[in-house]
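Colleague: Need coordinates for the below:
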Amino acid sequence: MRGPLLLIGCGFAALALSTALGATFGLGLVFIGVVGGLAYGLGVGGLAERRWIIIPALILGVGAAFFLAFGVHSVLMQRIGHVEHCTVTQAEEHPFTKYPSVDYVLACPSGEVELSRSWNDRLLIQETDVLVAPPLEPKFADDTRWNLWLVTGVPLAMILLVGVARAVRRVP
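Modeller: Next comes the predicted model:
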C-alpha cells in the first residue's frame with residue numbers, strides 16, 4: 001500500500017510544481033503535470049486494486065495538468081493582477097504558419113511586455129489592456145475566462161477519488 005500512496009503523493013507534487021512554474025515561467029511546463037497526472041492515476045488504481053477506477057483516475061490526472069496550468073494562472077491574474085493600459089510598439093504577424101498568430105511587443109507603465117495572440121483574435125487597434133502581477137506571466141485582460149470554483153474543483157475531485165479508491169479496496 002505504500003507504493004500507490006507514494007505515486008499519488010508524487011503525482012500531486014508534480015501537478016503543483018507544474019502549475020506554479022507554468023504560471024511563473026510560461027505554459028510550456030505542462031509536461032511535468034502530465035507525468036504527475038499519470039503517476040496519480042496509476043497510484044489510485046493501485047490503491048483501489050480494481051481495474052475500473054484506473055480510467056477515470058488517468059483522465060482526471062492528465063486533464064488536471066492542462067486544466068490547472070491554464071486555469072490557475074488565469075484565476076491568479078484575476079485576483080492579484082492589476083490592469084495596465086498598454087500601447088503596441090511592434091507587431092510581428094505570422095499568417096501563413098500552421099497556427100497563424102501575431103506576436104506583440106507592448107509598452108506598459110510597468111515596462112515592456114511581449115505577448116502572442118492567435119490570428120483570429122489579433123488586435124484591431126494599437127492599444128489594449130494587460131493584466132500584470134509579477135512574477136506571473138502577463139496576459140491580455142480579455143483572456144480571463146476561468147473562475148475559482150472550476151479551478152479548485154479539480155484538486156477536490158482528485159482527493160475525493162483517492163477516498164473512493166480506499167473505500168472500494170479489496171478487503172482480504
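Colleague: Where does the most centrally placed residue in the chain fall, secondary structure wise?
Modeller: For the chain, the residue sitting closest to the mean C-alpha position, by Cα atoms, centre = their mean, is Ala69 at 0.9 Å. If you go by DSSP states H and E, Ala69 is part of helix 54-80.
Colleague: which ones are touching the residue nearest to the residue nearest to the centre of the chain when sequence neighbours are not counted?
Modeller: Distances taken as Cβ to Cβ, 6 or more residues apart in numbering put Gly22 closest to Ala69, at 4.4 Å, once the chain neighbours are dropped. In this view, the C-beta of every residue, glycine as well, is placed from N, C-alpha and C. Applying Cβ atoms under 8 Å, 6 or more residues apart in numbering, we find Gly22 in contact with Gly28, Leu29, Val30, Gly33, Ala69, Val72, His73.
Colleague: Please report the confidence value the model assigns to Thr152.
Modeller: pLDDT recorded at Thr152 is 86.
Colleague: That one: how many residues sit nearby?
Modeller: Applying other Cβ atoms under 10 Å, we find 14 residues neighbouring Thr152.
Colleague: pLDDT weak spots in this protein?
Modeller: Regions of the chain meeting the criterion pLDDT under 70 cover residues 1, 23, 26-28, 143-144, 171-172.
Colleague: Helix or strand: which one has Leu155?
Modeller: Just to correct that, residue 155 is Pro rather than Leu. Per DSSP H and E, the secondary structure element for Pro155 is helix 148-167.
Colleague: how much space between Trp11 and Glu92?
Modeller: Not Trp; residue 11 is Gly. Gly11 sits at a distance of 39 Å from Glu92 (criterion: Cβ to Cβ, to the nearest Å).
Colleague: who has more neighbours, those two?
Modeller: Using other Cβ under 10 Å, the more surrounded residue of Gly11 and Glu92 is Gly11, with 26 against 10.
Colleague: my guess is the residue nearest to the centre of the chain contacts Phe31, does it?
Modeller: No - applying Cβ atoms under 8 Å as the test, Ala69 and Phe31 come out as separate, 10.0 Å apart.
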